[in-house]
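>>> Following is a predicted model, sequence given first.
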Amino acid sequence: MILYISDLLIPLIFVIVISYAWLKKVSIFDTFIDGVKDGVTTVIDVFPTIIGLLVAVGILRASGFLDIISDVLKPITNTIGFPTEVIPITLMRLVSASAARGLLLDIFANYGPDSFIGRLSSIIMSSTETIFYTMSVYFMSVKITKTKYTLAGALIANFIGVIAAFFITLYTFGI
Amino acid sequence: MKIRTIYVYNLSIKHIKIQGVFLILNYIWGIMIILGIVVSSFTGNLTLITSASIDSARSAVELIVSMVGIICMWTGLMKIAEKSGLIDSISQKIMPLLKFLFPDVPKNSKAMLHISTNLIANALGLGWAATPAGIMAMKELQKLNTNKKVASKSMCMFLIVNMSSLQIISVAVVADRSAYDSLIPSDILAPALIVTIVTSIVGVLAAKILEVFYK
């Protein structure tokens, strides 16, 4: 059932977007082409960042540092069976989206995108947000220094999200 | 009042986002590399560093090439959604929800429009368009704020909802998965959707509960 929805999601968005645009008499193909050009710009914009971060993550991975972190945390995460390999990306996700993406790609390269670890990381990546970065950009933009309970609330949601991601992955795909 | 389209924001405030990203990456990037090299000299993996850096740089190019198509397809489709007014119309439809989340904000305030644009852009995986709208929302909320140094209830709610991230489609992740030859790159979408709904509900509840204790 869950996988069925996964299959339907993108076609559904296509149908909604195109039929709505027809109703509003938008010349859809020209607009699509326009948007594609935006996409090219987007990709060119992220290209330098991706190179930089993949190199840094590659070095960090080769050094064995990520394995050390995993080993240290193993006793804690083993109690519920949460894979320690996913811990670094979970933590990095809080700080930098691009760096977390580097770790995600590293996980895909090492374990495969269709492994349990690969799927769990994908789901965590797409359902959590870069809390520290987002908070600092938004609050800095209006010069607010006292952020009250914002961090606490966001961390609670994030933590529950990681746990939920683990169980959903387990339920949907099995180990 | 007509909502300004997300791409208009994008051009005007793009540099704020870029500055923010690079500020943090100045530390993270350097630390990752130095830490990696230092650790590798202890673990005896120093010889692997050179090939790791070269291989990574090459795979970055392969990655970009293999994801450019999917990203472009998505931005193309979203451009249609934007131009036809679909995104604006969804923004209007979530207004009742926003009134519940932000009881202190007058409903004709521009903050509401920016907030809804931000949330919808996030939901559609248009992160780069979401940030500028979010910054505009913060500026509007700041106008309503009584103490300019301290975050208002509405700001806390907005950021917690924003950071608990309601994403319907994470295009970047699907693109990355397909770049690494996943058999069904999109099979994580529904589970991810469920998780993102859970985190959003938890975020709203947490904000509503915490605001009672922080007077």
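Received, thanks. Quick caveat: nothing in here was measured; it's all calculated off a predicted structure.
>>> Just give me the neighbour total for residue B:35.
15 (other C-beta atoms under 10 Å in any protein chain shown). Where you see a C-beta, it was placed from the backbone N, CA and C, and this is true even at glycine.
>>> Stretch B:160-168: end-to-end distance?
Using C-alpha to C-alpha, to the nearest Å, the end-to-end distance of stretch B:160-168 comes out at 17 Å.
>>> can you give me the mean pLDDT across that stretch?
Across stretch B:160-168, pLDDT averages out at 87.
>>> residue contacts, the residue in chain B that chain A sits nearest to?
As assessed by C-beta to the nearest C-beta, chain A sits closest to residue B:79 within chain B, at 2.6 Å. Contacts for residue B:79 (C-beta atoms under 8 Å, 6 or more residues apart in numbering or on different chains) come out as A:31, A:32, A:34, A:35, A:36, A:38.
>>> Need phi/psi at the residue lying closest to it once chain neighbours are set aside.
In space, and not counting its chain neighbours, residue B:79 is closest to residue A:35: 2.6 Å by C-beta to C-beta, 6 or more residues apart in numbering or on different chains. Torsion angles at residue A:35 (phi, psi; degrees, to the nearest 10) stand at phi -70, psi -40.
>>> and residue A:35, how many residues sit next to it?
22.
>>> go on, residue A:40?
Residue A:40 has 13 nearby residues by other C-beta under 10 Å.
>>> Who are the contact partners of the residue lying farthest from the centre of chain B?
Note on chain B: the largest C-alpha distance from the chain mean falls to residue B:44, namely 38.8 Å (C-alpha atoms, centre = their mean). For residue B:44, the contact set (C-beta under 8 Å, 6+ apart) is empty.
>>> The lowest-mean-pLDDT helix or strand in chain A: which residues count as buried?
Every helix and strand of chain A was ranked by mean pLDDT, DSSP states H and E. The lowest is helix A:131-141, at a mean of 81. Buried positions in helix A:131-141, judged by neighbour count with 16 or more other C-beta atoms under 10 Å in any protein chain shown: A:131, A:132, A:133, A:134, A:135, A:137, A:138, A:139, A:140, A:141.
>>> Can you read off the backbone torsions of residue B:183?
Per degrees, to the nearest 10, the backbone of residue B:183 is at phi -70, psi -40.
>>> Count the neighbours of residue A:115 for me.
So residue A:115, with other C-beta under 10 Å, has 18 neighbours.
>>> Quick check on it: phi, psi?
Dihedral angles (degrees, to the nearest 10) for residue A:115: phi -80, psi 170.
>>> And it, how far from chain B?
Noted for residue A:115: a distance of 10 Å to chain B, by C-beta to the nearest C-beta, to the nearest Å.
>>> Would you confirm that residue B:131 contacts residue A:137?
Yes: taking contacts as C-beta atoms under 8 Å, residue B:131 lies within contact range of residue A:137: 6.9 Å.
>>> so residue A:5 is in which element?
helix A:2-23 (DSSP states H and E).
>>> Could you list the buried residues of that helix?
For helix A:2-23, using 16+ other C-beta under 10 Å, the buried residues are A:2, A:3, A:6, A:9, A:10, A:13, A:17, A:18, A:20, A:21.
>>> So is that helix next to chain B?
Yes: Helix A:2-23 comes into contact with chain B (C-beta under 8 Å from any C-beta of the partner chain), by way of A:2-7, A:9-10, A:13-14, A:16-18, A:20-21, A:23.
>>> which helices and strands does that helix pack with?
helix A:28-63, helix A:150-173, helix B:46-83, helix B:86-93, helix B:189-213 (3 or more C-beta pairs under 8 Å, 6 or more residues apart in numbering or on different chains; DSSP states H and E).
>>> Whichever helix or strand comes after the fourth one close to chain A?
What it means is helix B:86-93. Using DSSP H and E, the helix or strand that follows helix B:86-93 in sequence is helix B:95-101. No: interface with chain A: helix B:95-101 contributes nothing (C-beta under 8 Å from any C-beta), its closest point being 12.6 Å away.
>>> Can you name the residue of chain A nearest chain B?
Closest point on chain A to chain B, by C-beta to the nearest C-beta, is residue A:35, at 2.6 Å.
>>> Can you check the pLDDT for that residue?
Looking at residue A:35, its pLDDT stands at 90.
>>> Let me see the contact set for residue B:61.
Residue B:61 neighbours (C-beta under 8 Å, 6+ apart): residue A:51.
>>> For residue B:164, see how far away it is.
From residue B:61 over to residue B:164 the distance is 34 Å, taken as C-beta to C-beta, to the nearest Å.
>>> would you put the C-alpha positions of stretch A:22-33 in PDB?
C-alpha atoms of stretch A:22-33 as PDB (Å, rounded to 0.1, in the frame of the first residue of the first chain):
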ATOM      1  CA  TRP A  22      -4.900  23.700 -19.200                       C
ATOM      2  CA  LEU A  23      -7.800  25.100 -17.400                       C
ATOM      3  CA  LYS A  24      -6.000  28.400 -16.900                       C
ATOM      4  CA  LYS A  25      -5.000  28.300 -20.600                       C
ATOM      5  CA  VAL A  26      -1.300  28.500 -19.900                       C
ATOM      6  CA  SER A  27       0.900  27.500 -22.800                       C
ATOM      7  CA  ILE A  28       2.400  24.600 -20.800                       C
ATOM      8  CA  PHE A  29       5.200  23.400 -23.100                       C
ATOM      9  CA  ASP A  30       6.900  26.900 -23.400                       C
ATOM     10  CA  THR A  31       6.600  27.300 -19.600                       C
ATOM     11  CA  PHE A  32       8.100  23.800 -19.000                       C
ATOM     12  CA  ILE A  33      11.100  24.700 -21.200                       C
END
